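**Student:** next come a sequence and a model predicted from it.
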Amino acid sequence: AQAALGSAGLHFDELNKLRVLEPEVAAQTAQLREECRAFVDKTAEFQKIVGSLIELVDQLAKAAESEKMKAIGARNLLKSIAKQREAQEQQLQALIAEKKMQLERYRIEYETLCKIEADQNEFIDQFIFQK
């Protein structure tokens, strides 16, 4: 009976149910189905892990970009401060030079006034002795 059914493409399984597929093909199909499910599950888990990794990398990239911008800002601020100090130093050097010139003028004026005072004192002394 099984041979007659087998030639017609019908077979009995282990539960004695009538099947169109051979028991070996049905078992291989079931095994392949289970392997496919396991593969799909593993693929889904892998995609989940990769998604988490991508999110983490994106967060780290944003944090790194933020720190980079802070560092650039700090460097620019430092350059700005250095330029301000340099400009201030130049202003102070110019002020020092101006004050030195003023001091030299005052010194010359003082020496001149001292000579004039000495001349006037000498004139006064001569005028008093003549009387």
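**Tutor:** Okay, I see it. Residues are numbered from 1 along each chain as shown.

**Student:** just the mean pLDDT for the helix or strand where Gln88 lies, thanks.
**Tutor:** Taking DSSP states H and E as the definition, one finds Gln88 inside helix 23-130. Averaged across helix 23-130, the pLDDT comes to 96.

**Student:** on contacts alone, who are the packing partners of it?
**Tutor:** The contact analysis (3 or more C-beta pairs under 8 Å, 6 or more residues apart in numbering; DSSP states H and E) places helix 23-130 against no helix or strand. In short, each C-beta sits where N, CA and C put it, glycine included.

**Student:** how far is it from where the chain is centred?
**Tutor:** In this view, helix 23-130 has its centroid 14 Å away from the chain centroid, taken as C-alpha atoms, centre = their mean, to the nearest Å.

**Student:** any idea how far Ile108 is from Ile124?
**Tutor:** In this view, Ile108 and Ile124 are 24 Å apart by C-beta to C-beta, to the nearest Å.

**Student:** likewise for Met69?
**Tutor:** Taken as C-beta to C-beta, the span from Met69 to Ile124 is 80 Å.
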